[in-house]
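In: A predicted structure for the sequence below; I have some questions about it.
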Amino acid sequence: GEPAVETGVWTTSPREETRPLFTTDFEPAEFAARRAAVYDAIGPNAIAVLQGAPSPEGFIRFRQTNEFYYLSGIAAPHAYLILDGAERKTTVYLPNRKERREFNEGKVLSAEDSELVKELAGVDAVYSTDLLIDHLRTYARSGRVRTVYVLSTPPEGLSATRSMTARAHADWREDPLDGRQGRQEVFVANLRRHLPGVAIGDLTPIIDGLRLIKSEAELKLIRISSRLQGLAIMEAMRSTTPGITEYELEAIGKFIFWQHGVQGDAYYALTHIGPNAYMNHYHAGVRAAEPGDMILMDYGGDYRYYVSDMARMWPANGRFNAVQRELYGFYLAFYEAILYNIRPGLTAQQVKLAALDEIEPILESWTFSSPVYEKAAREFVEAFRQSAQDPNTSLGHWVGMAAHDPGRDTVLRPGMVLTIEPQFRVPEEKIYIRLEDTIAITEDGVEIMTDFVPRDIEGIERLMREEGLLQRFP
């Protein structure tokens, strides 16, 4: 081989830390536009106050809350934002520098970086959190601030959705030797104490409304996240043979995610073998796949604060048997009738009614090998028919910074991102079938971001004949 090059130095890499201190995914102007929309919403006699995420407990990488990141892009623990509706200015509060910690772990934006933070994030002022309470009291004494807007919901963090966080907080309260409040509840109580006489307003619907429509920069990140999730599930399909375990399937996904720079799981891996899928959020399996099992995988990564959400099913032995073809084939036709009727300008009800025109003939023409299967299929379609009569029905859920992004169902508009995931069950045999795709609404149609992952029977079987990661590295 070639002789080693003698450089006379320890390393040719730069001595400075190479980790960026601020996101490169968004321009400061995009964060400024989001904050301007908040100023408009709260009005001149109000401020909005947001509390960032705390330092993690243990050897866990810090991740900012979605809401705080959405308005600032700042990823530093124990940070605060004040948005002043009258002055239309944003002030950031950061802890003072902890030099010993930075020596060990790398630089973290702190109050001493005030000029740098103003330049990077496009905010108006930066102070130490030591001054936060004094500044809040000044707002209270000013007489012009009548309302302080805060989140009425727990902030979203890594691998979290609003409902799952609320569930954990409820468990805390029910624990007889715990009983603690959520951090957001403590935060609001302290604000009331330091801002006496000032009303509390709800910031949650304001931010939710903004997050419902994604910018081009956001869509780019969701596309990448969707691509990685699809690649992970496709690699799991290739690697599947009888005997594979649910945790091995998860490991394949993690390899793909971490190889491409995700910062964590969007949600815990839902890798289901056989009847485990009947508990659709089951996530603790250790069993090995039998040759006749079906496998369901629903597992996504958090790529730079944006996620995707999709699911696929496939046979453990690589070929659909007759019953699997029958039931999966029926479900797939049902599913794609909904998927391909999604259009901008329609409501969820209009999409469902259009899909129903295709689903009912599918049901009547399908041949079922068992009365149990036909009964389940008819009940599935009837439940869908009933939901389509409801003007407030939904298609699935929104996707963005969280796997279940906030927002109310409304007319589908460009920039919205959603999934559909109808769930078909045969209770008598513990059969559960679900597919899911991440779908963006565009100006002239839809972009199915996860469409490249096969869901047709022939495409799945063809992919499973390819050599997988576990075959190359058993």
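Out: Sure, I can see it. Numbering: from 1, shown residues only.
In: Pull out the buried positions in stretch 425-443.
Out: 425-426, 431-441 (16 or more other CB atoms under 10 Å). Yep, even glycine has a C-beta here, placed from its N, CA and C like the rest.
In: again with stretch 9-23
Out: By neighbour count on 16+ other CB under 10 Å, the buried set for stretch 9-23 is L21, F22, T23.
In: Also stretch 398-414?
Out: Applying 16+ other CB under 10 Å to stretch 398-414 flags 398-407, 409, 412, 414 as buried.
In: ok, now stretch 168-187?
Out: Neighbour-count burial for stretch 168-187 flags H169, G182, Q184, F187 (criterion: 16+ other CB under 10 Å).
In: try stretch 45-59
Out: Neighbour-count burial for stretch 45-59 [16+ other CB under 10 Å]: A46, I47, A48, V49, L50, Q51, G52, A53.
In: Secondary structure and pLDDT added to those residues, as a markdown table?
Out: Listed next are the buried residues of stretch 45-59 as a markdown table, based on DSSP: H, G, I helix; E, B strand; the rest coil; pLDDT from 0 to 100:
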| residue | secondary structure | pLDDT |
| --- | --- | --- |
| A46 | strand | 98 |
| I47 | strand | 98 |
| A48 | strand | 98 |
| V49 | strand | 98 |
| L50 | strand | 98 |
| Q51 | strand | 98 |
| G52 | coil | 98 |
| A53 | coil | 97 |
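In: any idea which of the residues you listed is closest to E119?
Out: G52 (19.3 Å; CB to CB).
In: Pretty sure the closest one sits against N66.
Out: No. The criterion here is CB atoms under 8 Å, and G52 misses it with N66 at 10.8 Å.
In: coming back round to it: just send the buried residues of stretch 168-187 back as CSV, with pLDDT too.
Out: Shown next, in CSV, are these (pLDDT from 0 to 100):
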residue, pLDDT
H169, 91
G182, 91
Q184, 94
F187, 96
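In: Please list the members of the residues you listed that lie in helices.
Out: H169, Q184, F187 (DSSP state H).
In: Would you mind measuring from the nearest residue to the first one once chain neighbours are set aside to N66?
Out: With CB to CB, 6 or more residues apart in numbering as the measure, G182 is the residue that lies nearest to H169, at 4.2 Å, once sequence neighbours are left out. Here G182 is placed at a distance of 16 Å from N66 (CB to CB, to the nearest Å).
In: Can you give the distance of the longest helix belonging to the chain from its chain's centre?
Out: Criterion DSSP H: the longest helix present in the chain is helix 216-239. Mean C-alpha position of helix 216-239 versus that of the full chain (CA atoms, centre = their mean, to the nearest Å) differs by 13 Å.
In: How about exporting it as CSV, limited to the C-alpha atoms?
Out: Extracted C-alpha coordinates of helix 216-239, given in CSV (Å, rounded to 0.1, in the frame of the first residue of the first chain):
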residue,chain,number,x,y,z
GLU,A,216,-40.8,24.7,2.5
ALA,A,217,-37.9,24.4,5.0
GLU,A,218,-40.1,22.3,7.3
LEU,A,219,-41.3,20.1,4.4
LYS,A,220,-37.7,19.4,3.4
LEU,A,221,-37.0,18.1,6.9
ILE,A,222,-40.1,15.9,6.9
ARG,A,223,-39.2,14.5,3.5
ILE,A,224,-35.8,13.5,4.9
SER,A,225,-37.3,12.0,8.0
SER,A,226,-39.8,10.1,5.8
ARG,A,227,-37.1,8.9,3.6
LEU,A,228,-35.1,7.5,6.5
GLN,A,229,-38.2,5.8,8.0
GLY,A,230,-38.9,4.2,4.7
LEU,A,231,-35.3,3.0,4.3
ALA,A,232,-35.4,1.6,7.8
ILE,A,233,-38.6,-0.4,7.2
MET,A,234,-37.4,-1.6,3.8
GLU,A,235,-34.2,-2.9,5.4
ALA,A,236,-36.3,-4.6,8.0
MET,A,237,-38.3,-6.3,5.3
ARG,A,238,-35.2,-7.5,3.5
SER,A,239,-33.7,-8.9,6.7
